[in-house]
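> Dropping a prediction and its sequence here:
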Amino acid sequence: MHGVTVTSGVPVVVPGGRAEAGRRRPGDPSHGAVRPRRVAAVAVALAALLAGPGAAAAPDPLLALRLDARAAVREHPGMWTGASVARGARAVVVGSPRPLVAEIAALADRAGRTVTRIWGGYGGAVVLVPRGAEQTAVLAAPAKVDGLAAVATGGRVIVQPAAFARLSATGRLVVVTHELTHVATAGPRAVPKWLMEGFADYVGYLDSGLPVRTVAAELAADVAAGRPALRELPGPGDFAARPAQAYEEAWLACRYIAARFGERRLVALYRAARREEIGAALREVLGLTAGRLTLEWRAYARGQLARS
C-alpha cells in the first residue's frame, strides 16, 4: 500500500455514552437525520481526518477530492462515526473498517494508473465505504446497487462492502478499475450502454490475465448450449434482463474494436460518442456502420469463446 496514508476515526460519543452508529430509526429514511449536536460532532471529527497540509506546505493535489469527501460526509453525517480516511495518490477513501479502507485506497492507486494509461487525464475519485447494503443504497440513489460490488455515481464510487468482500483479489482490482473508468470517462453526453460498460470492463480486465471463457463464463455457456446470445449489441433492456451476459457481450465488443483497430481507436470512439450519435462516431472513427460492427463482433466473439 505504498503511498497510501490512513487516518483512523474516533467514535463520536453522544449523551448517554453511546456512539451514534448511523443505524436507521423509525421515520429516518435518510439515515442522516441526527440531532444538530451530533451532526456538528461528526462534521468536526471527519473534517479533521480530511484536513490537508498546513498553509506553509506545498499545494495539495487532493484538495478537490478532500472537499468532495467532506461534502459527502455532511450529506449523511450519521453514517460516518468512527470512520477512517485513506488518501492515495489519486483517491480519498472514507468508511470502515479501517483495513478495507486502506486496501481500497491502494487498489485505487493501481487502478488509477491503468485508467490514466488508457484514457489519459484522470483527476481521481472519492470512494465511500458505508457499513452495509442499506446505507450503500442510500448513498448510490437513484442508481441501483443490487447484485453489484460497487457503483460509480455523481463522480464518486460507492462500495457495497459485503459483496466486495466476496471477491477475489483480482476481482477487487477489476471492480475498482471498472468504476474509476466510469468516473474518468463521464461527460455531458451519455454514450450507448454497451460502449460505456464494455469500455469500463475492457480497462478493468486489461491486466487481469484472465482468459476469455473465465470472464465471459455465462455467455460461453449460452453459446455452447445454443441459447439466444450475441444477437445485437446489448441495450439497457439486456443489462436489466440478463446482466451477466450483457456485460460480457459489451466487453467482447470493445475487446474486438481494440484488437482490430487498436486501443487508441477504441478510446477515440468513446470520446467521439460523447460528442455525437453513435452511428456518426462509428463511421468517423472506425469507418463502420452499426450493422457491420455487429456482424464482425458476433464472429469475433464466437471465435474467442470457442478457442479459449
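Everything's here; your move. Numbers count the residues shown, from 1 in each chain.
> Export stretch 236-254 to PDB, keeping only CA atoms.
The C-alpha trace of stretch 236-254 is given here as PDB (Å, rounded to 0.1, in the frame of the first residue of the first chain):
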ATOM      1  CA  PRO A 236     -30.400  -1.200 -21.500                       C
ATOM      2  CA  GLY A 237     -33.100  -3.900 -21.600                       C
ATOM      3  CA  ASP A 238     -30.400  -6.600 -21.900                       C
ATOM      4  CA  PHE A 239     -28.500  -5.200 -18.900                       C
ATOM      5  CA  ALA A 240     -31.700  -5.400 -16.900                       C
ATOM      6  CA  ALA A 241     -32.900  -8.800 -18.100                       C
ATOM      7  CA  ARG A 242     -29.600 -10.800 -18.400                       C
ATOM      8  CA  PRO A 243     -26.900  -8.600 -16.800                       C
ATOM      9  CA  ALA A 244     -24.100 -11.100 -16.800                       C
ATOM     10  CA  GLN A 245     -24.300 -11.900 -20.500                       C
ATOM     11  CA  ALA A 246     -24.900  -8.200 -21.400                       C
ATOM     12  CA  TYR A 247     -21.700  -7.100 -19.700                       C
ATOM     13  CA  GLU A 248     -19.800  -9.900 -21.300                       C
ATOM     14  CA  GLU A 249     -21.100  -9.100 -24.800                       C
ATOM     15  CA  ALA A 250     -20.300  -5.400 -24.300                       C
ATOM     16  CA  TRP A 251     -16.700  -6.300 -23.100                       C
ATOM     17  CA  LEU A 252     -16.200  -8.500 -26.100                       C
ATOM     18  CA  ALA A 253     -17.400  -5.700 -28.400                       C
ATOM     19  CA  CYS A 254     -14.800  -3.300 -27.000                       C
END
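> Tell me which residues touch residue 136, please.
Neighbour list for residue 136: 130, 145, 158-161 [criterion: C-beta atoms under 8 Å, 6 or more residues apart in numbering]. Heads up, the C-betas are built off the backbone N, CA and C, glycines and all.
> In helices, which of those fall?
residue 161 (DSSP state H).
> For the helix or strand in which residue 135 is found, give the mean pLDDT please.
For residue 135, the element it lies in under DSSP states H and E is helix 133-140. If you average the pLDDT over helix 133-140, you get 94.
> Break the chain into its domains for me.
5-185, 193-307 (automatic domain parsing).
> Lowest average pLDDT across the ones you listed?
Minimum mean pLDDT among those: domain 5-185, a mean of 79.
> Show me how far the helix or strand encompassing residue 181 is from its chain's centre.
Here residue 181 is covered by helix 169-185, with elements defined by DSSP H and E. Distance, stretch centre to chain centre, for helix 169-185: 5 Å (C-alpha atoms, centre = their mean, to the nearest Å).
> How about stretch 210-221?
21 Å.
> again, but for stretch 232-251
With C-alpha atoms, centre = their mean, you get 18 Å for stretch 232-251.
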